[in-house]
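In: Structure, please.
(chains A and B)
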Amino acid sequence: MSSEVLTDEKSAAPPQPRKFTIVPIPGIVGAGAYVVALVVALISNTNWAVDFFHVVSGALWTGIDLFVGFVIGPIIGRMSIPSRMEFSTRFMPKMVVIMPALVVGTLAAGFQLARQEGYILSSWPDHGWVVASFIVVGVLAVVAIGVLEPANLAVLFELRKPQPDGELVGRLMKRFIYTAGITGAMQVATLVIMTRLATA
Amino acid sequence: MSTAVPTGTFSPYTAKRPPIDFICQAALASIVVAAVVAAAQVPKMSDTVVPIGFATLAWVLFLVAASMLSRVGPFAWGVFRMVAFRQLLVELVVSGMLEFVFIYDHTPGEALAIFSALVVVFCLDIALLIAFSVARYQDPA
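Out: Numbering: from 1, shown residues only, chains lettered A, B, ... in the order given. Sure, this is the predicted structure:
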């Protein structure tokens, strides 16, 4: 186990636990409002409202994934450990709330849109593209929910300790680097599939 | 620079844990395969063997992972319960939305039954995976 400690070693005072909220309350309110609006759109069953939520949620999901993976991620990787911690304690709690709301908006509205347009039917001529989108979403779900979210929360809990274990945080954060390529490829595939479906 | 590892006889950082997280991830992958194969056949489910097979596999893997908790050793059960409960609430909202759409869109009965079984195991599996991943590095006290 590494002896690296993520605290200010020059400080004479005993290390204090960092104070930050893992799941911010205002974020929950915002995400809750987004989900309520989504439910209203789904119940209204109007093509525009459902399409709006699918496109907006999906575009933000893809955009944030690519931006974080290929722009923010490498920048964080070059920051000093205290700066990285400072950034993570402010950035990650927001992601914990934003991403699930966007994912559920994309998937729920997408399923209903596919039903409205008939894409979901196996008899539809370009059904193969829809199945390809299922596979892409499936891979993204396994990576995001099965690999990244547990690491994200474990890191946040670790950072709240008076003396976080630097090696553990580093090891967990490496998952984001290892999966950035997969996530990026899947999101680019999503863009190809969705533009193909929209012009079919 | 001092060490971050607790100096007591037990350290959550070095404790050997059963592979609950890997089994939960395998269950999640099985759920995804079952859902993709089932969704690809809507409205007529010409092949139910593959989705039902993977759904069953997902349930078995989840139950194996859950049973492994009993031999996890010293563990931060308080943190585990707190995270599992809150994660379950999140997954209930997410899964509830998806289930709502399936029912609202008159998804055929056979597909709906498979989706529903997958949604339930998805909620439980994710709650277990995330709660275990967090609690394993916390002090049992």
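
In: Geometric centre of chain B: which residue is closest?
Out: Taking C-alpha atoms, centre = their mean, the centroid of chain B lies closest to B:Asp125, which sits 1.2 Å from it.

In: Lowest average confidence across helices and strands of chain A, where is it?
Out: Within chain A, no helix or strand scores below helix A:73-77, which has a mean of 84 by mean pLDDT, DSSP states H and E.

In: Flag every buried residue along that one.
Out: Within helix A:73-77, the residues scored as buried using 16 or more other C-beta atoms under 10 Å in any protein chain shown are A:Ile76. The C-beta positions use only the backbone N, C-alpha and C, and glycine is treated the same way.

In: Which positions in the next helix or strand after it come out as buried?
Out: Once helix A:73-77 ends, the next helix or strand along the chain (criterion: DSSP states H and E) is helix A:81-117. Under the neighbour-count criterion of 16+ other C-beta under 10 Å, helix A:81-117 has A:84-85, A:88-89, A:92-93, A:95-115, A:117 buried.

In: same for the least confident helix or strand of chain A, what does it pack against?
Out: If you count contacts as 3 or more C-beta pairs under 8 Å, 6 or more residues apart in numbering or on different chains; DSSP states H and E, helix A:73-77 packs onto helix A:81-117, helix A:166-198.

In: Can you give the contact residues for it?
Out: For helix A:73-77, contacts defined as C-beta atoms under 8 Å, 6 or more residues apart in numbering or on different chains pick out A:Arg84, A:Phe87, A:Ser88, A:Phe176, A:Ile177, A:Ala180.

In: I'd like to know which of those is nearest to chain B.
Out: A:Phe176 (14.4 Å; C-beta to the nearest C-beta).

In: Quick one: neighbours of that closest one, just the number.
Out: 20 (other C-beta atoms under 10 Å in any protein chain shown).

In: Enumerate every residue touching it.
Out: A:Gly69, A:Gly73, A:Leu148, A:Ala151.

In: Could you export those as CSV, including distance to B:Val64 and secondary structure?
Out: Output for the contacts of A:Phe176, formatted as CSV (distance: C-beta to C-beta, whole Å; DSSP: H, G, I helix; E, B strand; the rest coil):
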residue, distance to B:Val64, secondary structure
A:Gly69, 33, helix
A:Gly73, 34, helix
A:Leu148, 23, helix
A:Ala151, 22, helix
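
In: Now do stretch A:108-118: distance to the chain's middle.
Out: 22 Å (C-alpha atoms, centre = their mean, to the nearest Å).

In: what about it, average pLDDT?
Out: Per-residue pLDDT over stretch A:108-118 has a mean of 88.

In: do the same with stretch B:69-88
Out: Stretch B:69-88 comes out at a mean pLDDT of 91.

In: end to end, how far does that stretch reach?
Out: Stretch B:69-88 has an end-to-end distance of 17 Å (C-alpha to C-alpha, to the nearest Å).

In: Could you check that stretch against chain A for contacts?
Out: Yes: Stretch B:69-88 lies within reach of chain A by C-beta under 8 Å from any C-beta of the partner chain, at B:Val79, B:Val83, B:Arg86.

In: Who are the packing partners of the helix or strand harbouring the second one?
Out: Put plainly, it is B:Val83. Using DSSP H and E, B:Val83 maps to helix B:77-104. Packing partners of helix B:77-104 (3+ C-beta pairs under 8 Å, 6+ apart): helix A:25-44, helix A:81-117, helix B:109-135.
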